[in-house]
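Engineer: dropping the sequence and predicted coords here.
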Protein chains: 2
Amino acid sequence: MNYQFSKRLDTFSSSAVREILKLTQKKSIISFAGGLPAEEHFPVAAIGEAFERVLAAGNKALQYGLTEGYLPLRESICKWMARKGVTVTPDDMLLTTGSQQAIDLLTRIYIDNGDVILVEKPTYLSALQVFRSYGAKLVSVDADEDGMVLADLDAKLKQHKPKMVYAIPTFSNPTGKAWSLERRKGVLELCRASDTLILEDDPYGELKFGDASITYPSLFSLDQHPKGSCVVYTSTFSKTVAPALRTGWVMGDPDLIRHMARAKQAADLHSSSLDQQTLHQLMEHFDLDGHIEFVRKEYESRMRQMADLLREQQWPGVVWNEPKGGMFFWLELPESIDTGELLKTAVDMDVAFVPGVSFFADSSGKNTMRLNFTHNDFERTIIGMKRLNQAMESVLVK
Amino acid sequence: MNYQFSKRLDTFSSSAVREILKLTQKKSIISFAGGLPAEEHFPVAAIGEAFERVLAAGNKALQYGLTEGYLPLRESICKWMARKGVTVTPDDMLLTTGSQQAIDLLTRIYIDNGDVILVEKPTYLSALQVFRSYGAKLVSVDADEDGMVLADLDAKLKQHKPKMVYAIPTFSNPTGKAWSLERRKGVLELCRASDTLILEDDPYGELKFGDASITYPSLFSLDQHPKGSCVVYTSTFSKTVAPALRTGWVMGDPDLIRHMARAKQAADLHSSSLDQQTLHQLMEHFDLDGHIEFVRKEYESRMRQMADLLREQQWPGVVWNEPKGGMFFWLELPESIDTGELLKTAVDMDVAFVPGVSFFADSSGKNTMRLNFTHNDFERTIIGMKRLNQAMESVLVK
């Protein structure tokens, strides 16, 4: 049989992170690669109780559900989002298989072959993968510690007339930065004026470190919403509860959501309603706020430990900042160093990270790397950083 | 904000069945519309126990999983399929969010805008939806009680040079028919000779009625497989265990599967691994064969009841056959009757079915309808059929 694949096939590059994840199933490796939450913090008992409640409610729990997702969970999320300055109803929302599916479905209904999408430099690699698979042309917008550089965004909006801007304004993957309020408002204003849709990806917003009084309002909350908003907002339970339940949500203009629901009908009818019902019971009967506060503190102390270890290394020419939240450190190495090559040495020494190049739409950043600090405990982090130091010493001139 | 949707948008027609499903959330309606299994047969206690086992195995159960799906479940499915004449390894298989996602992912990697897909007349409406959303040109192949008519398939393979043939050879949705062995072999031979890929959709294969000694080998098992097979095979736990776990699988040539896995990475990273782990525990510790045998018998008696009721009605000019398995009766009414119009009358009388037109790629079949017999118990079926008779009497001349 001579297979005749779609032309689309070449666009499905495999995600570097997921390939490395496979590699790191080898037990001896300490991996700073994946964006994995700490397993020891998963609320296993509470999930077990929530599941029991779901089954106790009757057999109907196991029947087919609505494409839009389990209504009571959508209602719980509405209440949750209201505290974050977002006023929506369940009709303005779709439950998805993680926020990854939200990115896919929005691209599917909004982007034609050749359309331009502006992305931050650097940004989430699996979003780039999705955009490319629909034939989008990706253009990077310069960014500094406060977010997208408005002058560059303005110029590129005018030059490329993009259909969409993709952004992770709060504790970005991979950089861990948080946009300033001024940049948030500036990006909104420019996109609104040019009828450019913003996809705001917010998986890490709850994982905030430092001064609790500082808040980072979502772009969606700062825009008129949901009707007519130029923002589509997506988030997930993967980082606050657990990834295995694969439940995310996406909010926006109800017409837009309705179109995404139709695309989802074709894609998979609906996501696991057992997981959705379990999460609903969890939100109703478990102190999710308290749990998130606990995880937040644990992650902050892991972040501080890794920051201390990074400072100790005194790697010459290596630049990094303390993340304001989220799960990642972002390192820039001297330009002569290719972190893709470095990874091979590192894996030989039983430690892994993600080479930064995959996060750049323009294939720059060969000298950058992402380190996850949430998955490993203190002890393993110390050992892993020692191994990483050995790998670094092989390429850095001290 | 002036939204600029993709040209693709118009292709996402909403599924008639799912729109009707929404309508029929109204409690008073007795619905023969959805392809819903009987809720009272779901193995709730066993699923609860399986879930407990998953959580008891440790927190890692709640972490991110592989895109290809939970390996032990893939291994269990391999063993299961071996008894059905299929020899595959976990590398020849991908776990999906129901078999619907398998249809979507295969189309995504195989079909370009304008490619032709041959489909049976009539066939599963949500597959048509997927194919259209990728810009495929759909051509119907004539079928009789034994399956696709080989002469018509041969002519259309030559005329249209399709990339793919989509088929549900065993207890078809919507017609309930099973292809004869001769047709299975004939279709395989024609497709292999013309390098045409077959997508074999097999959600109902376990739900066989009548003589237990008659078997219906899958096209996949009849072809060389998995390497180089011209068949990609998909099935699901939705009809044998429960739909809410949204777990299907797809098997085929390992290269083809690898490409589908890459597309899945972009689509949603992976499906619910909690559901996959639960199903694995269920397959290991529960008598799934016994359960399926029980469900099969229950469904057969529901089928016989509905057949008796249909015979009693003596609707003039209405033609139907007893299904050999699966979940549906297929009715052809006199040509003058539009079942779309009839549905409105029926819903007023608190009963629902699916108008057949949605199952035809060529928009014929306006005088056909599909009736599900698995979801309602005897009592509700009697009441529902009385209501349907009232609706029918308003259009049929006795």
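Structural biologist: That came in fine, so what should we check first?

Engineer: beta partners for the residue nearest to A:Phe32 when sequence neighbours are not counted?
Structural biologist: Of all residues not flanking A:Phe32 in the chain, A:Leu371 sits nearest, at 4.3 Å (Cβ to Cβ, 6 or more residues apart in numbering or on different chains). Bear in mind the C-beta positions are built from the backbone N, C-alpha and C, glycine included. For A:Leu371, the beta-bridge partners under DSSP bridges are A:Phe329.

Engineer: now the helices for the stretch 151-300 of chain A?
Structural biologist: A:181-193, A:219-222, A:254-268, A:273-285, A:288-313 (DSSP state H, counting those that start in this stretch).

Engineer: could you dump those helices to CSV with distance to B:Ser194, mean neighbour count and mean pLDDT?
Structural biologist: Putting the helices of the stretch 151-300 of chain A into CSV (distance: least, Cβ to Cβ, whole Å; neighbours: other Cβ atoms under 10 Å in any protein chain shown; pLDDT from 0 to 100) gives the following:
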stretch, distance to B:Ser194, mean neighbour count, mean pLDDT
helix A:181-193, 50, 19, 98
helix A:219-222, 51, 22, 98
helix A:254-268, 27, 23, 96
helix A:273-285, 41, 23, 97
helix A:288-313, 56, 16, 97
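
Engineer: can you list those in TSV and add distance to chain B?
Structural biologist: Shown next, in TSV, are the helices of the stretch 151-300 of chain A (distance: least, Cβ to the nearest Cβ, whole Å):
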stretch	distance to chain B
helix A:181-193	7
helix A:219-222	12
helix A:254-268	4
helix A:273-285	4
helix A:288-313	13
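
Engineer: redo those as JSON lines? Include distance to A:Trp330.
Structural biologist: Shown next, in JSON lines, are the helices of the stretch 151-300 of chain A (distance: least, Cβ to Cβ, whole Å):
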{"stretch": "helix A:181-193", "distance to A:Trp330": "18"}
{"stretch": "helix A:219-222", "distance to A:Trp330": "21"}
{"stretch": "helix A:254-268", "distance to A:Trp330": "31"}
{"stretch": "helix A:273-285", "distance to A:Trp330": "31"}
{"stretch": "helix A:288-313", "distance to A:Trp330": "11"}
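
Engineer: quick one: closest of these to B:Lys185.
Structural biologist: When the helices of the stretch 151-300 of chain A are ranked by distance to B:Lys185, counting by Cβ to Cβ, first place goes to helix A:254-268 at 31.8 Å.

Engineer: tell me which helix or strand A:Ala50 sits in.
Structural biologist: helix A:44-56 (DSSP states H and E).

Engineer: quick one: buried residues of the helix or strand following that helix?
Structural biologist: Where DSSP H and E defines the elements, the next helix or strand beyond helix A:44-56 is helix A:71-82. For helix A:71-82, a neighbour-count test (16 or more other Cβ atoms under 10 Å in any protein chain shown) marks A:72-74, A:76-78, A:81 as buried.

Engineer: anything in helix A:71-82 near chain B?
Structural biologist: No. Applying Cβ under 8 Å from any Cβ of the partner chain, one finds helix A:71-82 out of contact with chain B, separated by at least 9.7 Å.

Engineer: quick one: the following helix or strand past that helix near chain B?
Structural biologist: Next helix or strand after helix A:71-82 toward the C-terminus (DSSP H and E): strand A:93-97. Yes. Against chain B, strand A:93-97 shows contacts by Cβ under 8 Å from any Cβ at A:96-97.

Engineer: who does strand A:93-97 touch, helix- and strand-wise?
Structural biologist: helix A:71-82, helix A:98-110, strand A:247-251, helix A:254-268 (3 or more Cβ pairs under 8 Å, 6 or more residues apart in numbering or on different chains; DSSP states H and E).

Engineer: how about 6 Å then?
Structural biologist: Counting contacts by 3 or more Cβ pairs under 6 Å, 6 or more residues apart in numbering or on different chains; DSSP states H and E, strand A:93-97 packs against strand A:247-251, helix A:254-268.

Engineer: do you know how far A:His270 is from chain B?
Structural biologist: Going from A:His270 to chain B by Cβ to the nearest Cβ, to the nearest Å gives 7 Å.

Engineer: what of A:Asp144?
Structural biologist: 27 Å.

Engineer: phi, psi for that residue please.
Structural biologist: phi -120, psi -170 (degrees, to the nearest 10).

Engineer: so which bits of the stretch 1-150 of chain A are right by chain B?
Structural biologist: A:1-2, A:4-7, A:9, A:12, A:14-15, A:18, A:39, A:42, A:44, A:48, A:51, A:55, A:59-60, A:62-64, A:97-98, A:100-101, A:104, A:109-112, A:129-130, A:133 (Cβ under 6 Å from any Cβ of the partner chain).

Engineer: which residue does the stretch 101-250 of chain A have closest to chain B?
Structural biologist: Closest residue of the stretch 101-250 of chain A to chain B, Cβ to the nearest Cβ: A:Ala242 (3.7 Å).

Engineer: that residue and B:Gln63 touch, don't they?
Structural biologist: No. If you go by Cβ atoms under 6 Å, A:Ala242 and B:Gln63 don't touch, sitting 7.4 Å apart.

Engineer: which of those two has more residues huddled nearby?
Structural biologist: A:Ala242 (27 against 19; other Cβ atoms under 10 Å in any protein chain shown).

Engineer: report the spatially nearest residue to that one, omitting neighbours in sequence.
Structural biologist: B:Leu62 (3.7 Å).

Engineer: what sits against that neighbour?
Structural biologist: A:42, A:242, A:244 (Cβ atoms under 6 Å, 6 or more residues apart in numbering or on different chains).

Engineer: inside strands: which ones of these?
Structural biologist: Judged by DSSP state E, the subset of those located in strands is empty.

Engineer: as CSV, those with distance to A:Leu342 and pLDDT would be great.
Structural biologist: What follows is those, written out as CSV (distance: Cβ to Cβ, whole Å; pLDDT from 0 to 100):
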residue, distance to A:Leu342, pLDDT
A:Phe42, 32, 97
A:Ala242, 32, 96
A:Ala244, 31, 95
